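Chemist: Next input, structure requested:
(2 chains)
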Amino acid sequence: MKVVTRFAPSPTGHLHIGGGRTAIFCWLMARHYGGEFRLRIEDTDALRSKQEYTDSILASMKWLGLDWDGELTYQSRRLDVYNAAIDRLLETGHAYWCDCTPEEVEAMRAVARAKGEKPRYNGRCRDRGLSAGPGRVVRLRVPDEGVISFNDMVKGPVSVDVSELDDMVLRRTDGMPTYNMAVVVDDHDMGVTHVIRGDDHVSNTPKQILLYQALGFDVPVFGHVPMILGPDHQKLSKRHGARAVIEYEQDGLIPQALVNYLVRLGWSHGDQEIFSLRELVELFDGGSLNSAPAAFDPDKLKWLNAHYLRHTPLPELAAMTAPFVRKLGFEVSQEAVEKLLPMYVERASDLAALAQSLTVYFTPAEALVIEDKAMKALNEDGRQQLSILHGLLAALPEFTAEAIDRLLHDYVEQKGLKFKQVGPPLRSALIGLAGGPSVHDIMAALGREESLKRIRRAAA
RNA sequence: GUCACCAUCGUCUAUCCGGUUAGGACAGAGGCCUCUCAAGCCUCCAAGACGGGUUCAAAUCCCGUUGGUGACACCA
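Modeler: Modelled structure (predicted):
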């Protein structure tokens, strides 16, 4: 049987990392089994759905490297299909019209709650034989007794007594189908075999199974992946920092690093931490998923991203970094960026920071700001060394990293100095920072003229 | 409140069907390297929520307690 999975976001916000992770799992599952991965936009909430969010979600999917099969499905364009299904349910007696107002239903819930029961609709209109009319909704007739069970891919067997279920609304007064109704019809029509979604949908599953049965559809396999919690084990929220995939893109993350991190959150393959996309497709078969919610750890993501940064081929990394440098206001070529990269790949954990560290090379000597920590090295002795070195460097026949390094070491040895006495002052003079690459590499990158200019300026 | 699900180092996790000095990774501490900052390498710190069973043997199976998460809409 061909495996068909789907990702079905509602365009009421950007793609967040929790959604991103379930999308990755769905995609991986489909690719692993050589099946199909479908994408559906759940926009039945006309008020909150926005085109810009659909665009943003699609962009994030592409950025993550998740391609989908077939056409995009928009629920808002399938209203007729849902209504036909609802009519069938009405005809077969699985559903009925109800004219209770939201206030009345709320009162019923209050009563149930007061009795210590689960708040729900009391079934008042079940047998009133109402027909279509303004202000009326269609509700599902939940069986009086029975237990709904399903074998969840990640949670194992789950069962719920139907007495816990509500005669839920299938069709709203405005004629729009509700989420549970649309999902079941769509998943069936799209031939979805494995419904992988967030943990927050477990309690919808029994209701949907009831709908599948009432409609005479085959019930798919369900898999509910646990939620991602904040580092403090609370629900992920704004105060935990970035939640949307697009924010990570803007912060300079490498998509593969985010994918790797997200997959490892709740899934594992022995002790392995680093997975290429190809490996993931090969290894991810839908098993080994953890059923407990996982806390998001920004530090580990940072580490992974730094790892990917270091392992990205230079030209590719330059292409990714250049836009970030330009965003900082420096009109630079990709080639110029690529030349500087080897000095900095091991010193940055994201593209934004990497770009920032390159800016000192594009800043004119006069505008170079020397940070406080770097000023310490420019004491009297430091400045004196700079003056002497300025002369030696000016006379150096070949201004290459090797030659500069040799000159510096020869000088230190002859004068009986410690390298510490020349390295830090030079670095402060050259890039205005206390930390960074070897001074000979910095000078070679800057070139003789620019290096001497900066040394002169700092010595004065 | 009711229902569902969950519970191994601070965090992510391994330990496929009971027998391990409970392993790895991030973070943290220390060290090596070194002109600095990183990277890299090495070492260390650190866990089976609690209480009962079952068993020769339990982190692993069962029950309970506690704790956590989710859900309880004419949102998805």
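Chemist: use CA for all of it now, contacts and neighbours both
Modeler: Will do.
Chemist: can you pull out the helices in the stretch 301-450 of chain A?
Modeler: Read by DSSP state H, counting those that start in this stretch, the stretch 301-450 of chain A holds these helices, from start to end of the chain: A:314-327, A:334-344, A:351-362, A:372-375, A:380-395, A:401-415, A:423-431, A:439-446, A:448-459.
Chemist: Can you name every helix or strand that the shortest one contacts?
Modeler: With contacts defined as 3 or more C-alpha pairs under 8 Å, 6 or more residues apart in numbering; DSSP states H and E, the packing partners of helix A:372-375 are helix A:423-431.
Chemist: can you give me the strands in chain A?
Modeler: Shown for chain A, the strands assigned by DSSP state E span residues A:4-7, A:36-41, A:73-74, A:95-98, A:137-140, A:147-152, A:156-161, A:169-171, A:194-198, A:221-225, A:228-229, A:294-295.
Chemist: could you dump the ones you listed to JSON lines with distance to RNA strand B and mean pLDDT?
Modeler: Written out in JSON lines, the entries for the strands of chain A read as follows (distance: least, C-alpha to the nearest atom of the strand, whole Å; pLDDT from 0 to 100):
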{"stretch": "strand A:4-7", "distance to RNA strand B": "11", "mean pLDDT": "97"}
{"stretch": "strand A:36-41", "distance to RNA strand B": "7", "mean pLDDT": "97"}
{"stretch": "strand A:73-74", "distance to RNA strand B": "10", "mean pLDDT": "95"}
{"stretch": "strand A:95-98", "distance to RNA strand B": "8", "mean pLDDT": "96"}
{"stretch": "strand A:137-140", "distance to RNA strand B": "6", "mean pLDDT": "96"}
{"stretch": "strand A:147-152", "distance to RNA strand B": "9", "mean pLDDT": "92"}
{"stretch": "strand A:156-161", "distance to RNA strand B": "4", "mean pLDDT": "90"}
{"stretch": "strand A:169-171", "distance to RNA strand B": "5", "mean pLDDT": "96"}
{"stretch": "strand A:194-198", "distance to RNA strand B": "8", "mean pLDDT": "95"}
{"stretch": "strand A:221-225", "distance to RNA strand B": "9", "mean pLDDT": "94"}
{"stretch": "strand A:228-229", "distance to RNA strand B": "7", "mean pLDDT": "91"}
{"stretch": "strand A:294-295", "distance to RNA strand B": "4", "mean pLDDT": "92"}
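Chemist: RNA strand B is nearest to which of the helices of the stretch 301-450 of chain A?
Modeler: Proximity to RNA strand B, assessed across those by C-alpha to the nearest atom of the strand, is greatest for helix A:423-431 (3.5 Å).
Chemist: Mind listing residues that contact the closest one?
Modeler: Contacts of helix A:423-431 from elsewhere in the structure, counted by C-alpha atoms under 8 Å, 6 or more residues apart in numbering, are A:360-361, A:368, A:370, A:374-375, A:377-378, A:382-383, A:385-386, A:433-436, A:439, A:442-443, A:451, A:454-455, A:457-459.
Chemist: Determine how far it lies from the middle of the whole chain.
Modeler: For helix A:423-431, the gap between its own C-alpha mean and the chain's C-alpha mean amounts to 39 Å (C-alpha atoms, centre = their mean, to the nearest Å).
Chemist: repeat for stretch A:415-428
Modeler: Going by C-alpha atoms, centre = their mean, where stretch A:415-428 is centred and where its chain is centred differ by 45 Å.
Chemist: any weak-confidence spans in chain A?
Modeler: Low-confidence segments of chain A, defined by pLDDT under 70, are located at A:242.
Chemist: Got a quick PyMOL command for the buried subset of the contacts of helix A:423-431?
Modeler: Selection of buried members from the contacts of helix A:423-431 for PyMOL, criterion 16 or more other C-alpha atoms under 10 Å:
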select buried, chain A and resi 360+361+368+370+374+375+377+378+382+383+385+386+433+434+436+439+442+443+451+454+455+457+458+459
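Chemist: Format the strands of chain A as CSV; extra columns: mean neighbour count.
Modeler: Conversion of the strands of chain A to CSV gives the following (neighbours: other C-alpha atoms under 10 Å):
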stretch, mean neighbour count
strand A:4-7, 26
strand A:36-41, 22
strand A:73-74, 16
strand A:95-98, 24
strand A:137-140, 25
strand A:147-152, 15
strand A:156-161, 13
strand A:169-171, 23
strand A:194-198, 22
strand A:221-225, 22
strand A:228-229, 21
strand A:294-295, 17
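Chemist: Kindly provide the distance from residue A:234 to RNA strand B.
Modeler: Summarising the geometry, the distance separating residue A:234 from RNA strand B, computed by C-alpha to the nearest atom of the strand, to the nearest Å, is 4 Å.
Chemist: Share the number of residues neighbouring that residue, please.
Modeler: When neighbours are counted by other C-alpha atoms under 10 Å, residue A:234 registers 11.
Chemist: For it, give its distance to residue A:408.
Modeler: 55 Å (C-alpha to C-alpha, to the nearest Å).
Chemist: One more: residue A:158?
Modeler: Here the criterion is C-alpha to C-alpha. By it, residue A:158 lies 72 Å from residue A:408.
Chemist: and if you look at residue A:251?
Modeler: For residue A:251, the distance to residue A:408 under the criterion C-alpha to C-alpha works out to 38 Å.
Chemist: Looking at the two, which is more packed in?
Modeler: Neighbours per residue (other C-alpha under 10 Å) separate residue A:251 from residue A:408, with residue A:408 holding more: 19 against 15.
Chemist: quick one, what contacts that one?
Modeler: Counting by C-alpha under 8 Å, 6+ apart, residue A:408 makes contact with residue A:422.
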